[in-house]
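Novice: Here is a sequence with its predicted model. Questions after.
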Amino acid sequence: MHAPFSNLDIKLIFPQLVVALFILIAVGSGAWDKRGKSFGNAFVALIATTLAFFFVLRQWDISAVAFNEAIIGDNYSRGFDFIFLAMAGAVIMLMAEQGGAGARAGSFVFILIALLGMMLAASAGNLYVSVVSLEMTGVAASALAGIYRTSKIRARVNPFYQASVLLLIVGVVAVLHAVGTTDFFRIQNHIALGRGHHREILLGFLLMAPWFLIKAGLPIAGFRSAPSGFTALPAPIAWFVLAGPRAAAVAVIFRTLYVALPAVYPDWFGFLAAVAVALMTAGNIAALLQTGVKKIFAAAGVAQAGFALVVVASGGVYGNVSILFYIYVYILAGSGFFAMLALLEKNHEGEITLSDLAGLERKHYVFSALAALFLLSLAGAPFTAGFNGLLRVYMSAVKAKQGGLAAVMAANAVVSAFVFLRIIFVMYLYRPRTEAKPAIPGFSTAVIIALSAACVLALGFYPDFIRHALAFFKNCAIYFD
């Protein structure tokens, strides 16, 4: 696996360095100004995401490692970088347009810090970089939830998370004792050459599993006050906190298992398949019990993480492509829906619940139709992006001859579809209980909703749309070189 790589060091992490530089600029330019003048900070953050996006495009199709294989740059990591940067840019534009109390002091800085952690996680080539980058993302996400929390409860570390951190440390020490390194490629070579200590290596990674799975399933569970602050988050930031850290954790898990441990796939398949089933089932059940829209998506996101882990557990068939495609369609549809949810929040105090959406179609049929499109995609309806995303997940299990896992995944997909279809039923079939009135969208909101809707439809009818779009933009980046 080393053959196609060359050592580029600083050049390979130039997009991440751009984001880090603009974090310092944002802090220095008054990101902590309590007077609510956040437009300048939003502008700085938007420039950071735009420049980083441009430099990621320039590196497309370049495969390299840097810093003694601690960083891996390839199309897998850059594919995640694209969606992280696009999501962060959309959130920044939505929050800048919302303005006022919506964009509180420091929020743009924490968005950039979380973005930097996600980008580093997607490129991580050893355990240290993986852990530090995911922890950076999780702390920034929890800080965002803390900024907007309405209760006065002080942030405290969750005891279950503390236990997972302790197991993580013990696991890393076990791997170090067995191999003498935490680099994925060197662990792979150690196992391939039959140098022993296989059980100790597997035990080390098993001990680390709870921490990584918390990051994939419940990204803001590290602090007790974070969940209470989550419902008070503006819709765009809530979606960023929900989807971004989860996607980064899934990216790390896939990279870790298929770069460090491919030779012992039979030893960890059963465990990961069981975890995927547990996440899908628990997430769907929890989502069915919720009435708040954000809480529904938070619980359903656990199930979505389980769907993504089905691909990881399926032996790498369609592996990185299926993971990326599923993450893309999930984030695109969710971004569009939460941009619309933000319009409802402008004229509503408190959390949006299902009762607030009852009968929404009767007076706001265009709004309801667009919201229904995004929900149909999340439900996996045919001719939407979500259908092709779930199909790739299912086929990855089928092609790997994991029929039982494919059957359980399909059953959970039906339940997951009902979770999102329930919201559509409420909008179209229930009588209005409260007067929910969406605000008139600004330019940024309208553009984001339109682009999300277009991508959901385009990827539903033409799944290769993403690949051709990236090729086009890469040519533009080279043209302006």
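Specialist: Perfect, I can see it now. On a predicted model such as this, the values are computed, not experimentally measured, just so you know.
Novice: alpha carbons only for contacts and neighbour counts from here, please
Specialist: Fine.
Novice: Show the end-to-end separation of stretch 215-233, please.
Specialist: Stretch 215-233 has an end-to-end distance of 19 Å (C-alpha to C-alpha, to the nearest Å).
Novice: can you list contacts of stretch 377-384?
Specialist: For stretch 377-384, contacts defined as C-alpha atoms under 8 Å, 6 or more residues apart in numbering pick out 329-330, 333-334, 376, 385-390, 413, 416-421, 456-461.
Novice: Narrow these to those in helices?
Specialist: 329-330, 333-334, 376, 385-390, 413, 416-421, 456-461 (DSSP state H).
Novice: ok, back up a step: put the buried members of the contacts of stretch 377-384 into a PyMOL selection.
Specialist: In PyMOL syntax, the buried subset of the contacts of stretch 377-384 is picked out as below (16 or more other C-alpha atoms under 10 Å):
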select buried, resi 329+330+333+334+376+385+386+387+388+389+390+413+416+417+418+419+420+421+456+457+458+459+460+461
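Novice: can I have stretch 299-317 written out in CSV, keeping just the CAs?
Specialist: The C-alpha trace of stretch 299-317 is given here as CSV (Å, rounded to 0.1, in the frame of the first residue of the first chain):
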residue,chain,number,x,y,z
ALA,A,299,-31.9,9.6,17.7
ALA,A,300,-32.3,8.7,14.0
GLY,A,301,-28.6,9.8,13.5
VAL,A,302,-27.6,6.9,15.8
ALA,A,303,-29.4,4.5,13.3
GLN,A,304,-27.7,6.3,10.4
ALA,A,305,-24.3,5.6,12.0
GLY,A,306,-25.3,2.0,12.2
PHE,A,307,-26.1,1.9,8.5
ALA,A,308,-22.7,3.3,7.8
LEU,A,309,-21.0,0.7,10.0
VAL,A,310,-22.8,-2.0,7.9
VAL,A,311,-20.5,-0.9,5.0
VAL,A,312,-17.5,-1.0,7.3
ALA,A,313,-18.4,-4.5,8.5
SER,A,314,-18.9,-5.8,5.0
GLY,A,315,-15.4,-6.6,4.1
GLY,A,316,-14.7,-3.4,2.2
VAL,A,317,-16.8,-4.3,-0.8
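Novice: just checking, Phe108 touches Val91?
Specialist: No - between Phe108 and Val91 there is no contact under C-alpha atoms under 8 Å: 9.3 Å.
Novice: Quick check: chain neighbours aside, which residue is closest to Val408?
Specialist: Val277 (7.1 Å; C-alpha to C-alpha, 6 or more residues apart in numbering).
Novice: How about the contacts made by the one you found?
Specialist: Contacts of Val277 (C-alpha under 8 Å, 6+ apart): Gly306, Leu405, Val408, Met409.
Novice: Highest neighbour count among those?
Specialist: Using other C-alpha atoms under 10 Å as the neighbour criterion, Gly306 leads the contacts of Val277 with 30 neighbours.
Novice: what about the residue nearest to Val408, which helix or strand?
Specialist: In this structure, Val277 is located in helix 265-288 according to DSSP states H and E.
Novice: now Ile92
Specialist: Going by DSSP H and E, Ile92 is part of helix 75-98.
Novice: Can I get that helix in CSV, CA atoms only?
Specialist: Presented in CSV, the C-alpha positions along helix 75-98 are these (Å, rounded to 0.1, in the frame of the first residue of the first chain):
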residue,chain,number,x,y,z
ASN,A,75,-9.4,10.8,-2.4
TYR,A,76,-11.0,9.1,0.5
SER,A,77,-9.9,11.8,3.0
ARG,A,78,-10.6,14.6,0.4
GLY,A,79,-14.1,13.3,-0.3
PHE,A,80,-14.8,13.8,3.4
ASP,A,81,-13.1,17.2,3.4
PHE,A,82,-15.5,18.3,0.6
ILE,A,83,-18.6,17.5,2.5
PHE,A,84,-17.2,18.9,5.8
LEU,A,85,-16.3,22.2,4.2
ALA,A,86,-19.6,22.4,2.3
MET,A,87,-21.6,21.8,5.4
ALA,A,88,-19.5,24.3,7.5
GLY,A,89,-19.8,26.9,4.8
ALA,A,90,-23.6,26.4,4.6
VAL,A,91,-23.9,26.7,8.4
ILE,A,92,-21.8,29.9,8.5
MET,A,93,-23.9,31.5,5.8
LEU,A,94,-27.2,30.6,7.5
MET,A,95,-26.0,31.8,10.8
ALA,A,96,-24.6,35.1,9.4
GLU,A,97,-28.0,35.7,7.7
GLN,A,98,-29.8,34.9,10.9
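Novice: Flag the shaky bits of the stretch 301-450 of the chain, pLDDT-wise.
Specialist: Low-confidence segments of the stretch 301-450 of the chain (pLDDT under 70): 315-319, 435.
Novice: do that again at 80, thanks
Specialist: Scanning the stretch 301-450 of the chain for pLDDT under 80 picks out the ranges 315-320, 349-350, 432-436.
Novice: Would you map the helices across it?
Specialist: 319-346, 354-357, 365-379, 385-399, 403-429, 443-461 (DSSP state H, counting those that start in this stretch).
Novice: Then the stretch 1-150 of the chain?
Specialist: So, for the stretch 1-150 of the chain - with DSSP H, counting those that start in this stretch - the helices run 14-28, 39-58, 75-98, 107-122, 127-148.
Novice: so how far is the last one from its chain's centroid?
Specialist: Same thing as helix 127-148. Averaging C-alpha positions (C-alpha atoms, centre = their mean, to the nearest Å) puts helix 127-148 13 Å from its chain's average.
Novice: With the fourth one instead?
Specialist: Relative to its parent chain, helix 107-122 has a centroid offset of 11 Å by C-alpha atoms, centre = their mean.
Novice: Distance check, Leu324 against Gly386.
Specialist: The value you get for Leu324 to Gly386, if C-alpha to C-alpha is used, is 13 Å.
Novice: do Val252 as well
Specialist: Note on Val252: its distance to Gly386, by C-alpha to C-alpha, is 23 Å.
Novice: try Ala339
Specialist: Applying C-alpha to C-alpha to Ala339 and Gly386 gives a distance of 18 Å.
Novice: what's the neighbour count on Ile10?
Specialist: Around Ile10 there are 12 residues (other C-alpha under 10 Å).
Novice: List the beta-bridge partners for the spatially closest residue to it that is not a sequence neighbour.
Specialist: Excluding the flanking residues, the one nearest Ile10 by C-alpha to C-alpha, 6+ apart is Ala66, at 7.6 Å. Partner residues in beta bridges with Ala66, using DSSP bridges, are Ile71.
Novice: Surely Ile423 touches Ser355?
Specialist: No - Ile423 is beyond contact range of Ser355, at 9.8 Å (criterion: C-alpha under 8 Å).
Novice: what pLDDT, on average, does stretch 148-162 get?
Specialist: For stretch 148-162, mean pLDDT rounds to 66.
Novice: Run a quick check on Val310 versus Ala276, I expect a contact.
Specialist: Yes - using C-alpha under 8 Å, Val310 is in contact with Ala276, at 5.9 Å.
Novice: Name the residues of stretch 191-201 that are buried.
Specialist: Neighbour-count burial for stretch 191-201 [16+ other C-alpha under 10 Å]: Ile191, His197, His198, Glu200, Ile201.
Novice: now for the residues you listed, which pair is the farthest apart?
Specialist: By the measure C-alpha to C-alpha, those have their two most distant members at Ile191 and Glu200, which lie 11.3 Å apart.
Novice: Look up the pLDDT of Gly138 for me, please.
Specialist: pLDDT, read off for Gly138, is 89.
Novice: For it, give its distance to Phe254.
Specialist: Gly138 is 19 Å from Phe254, by C-alpha to C-alpha.
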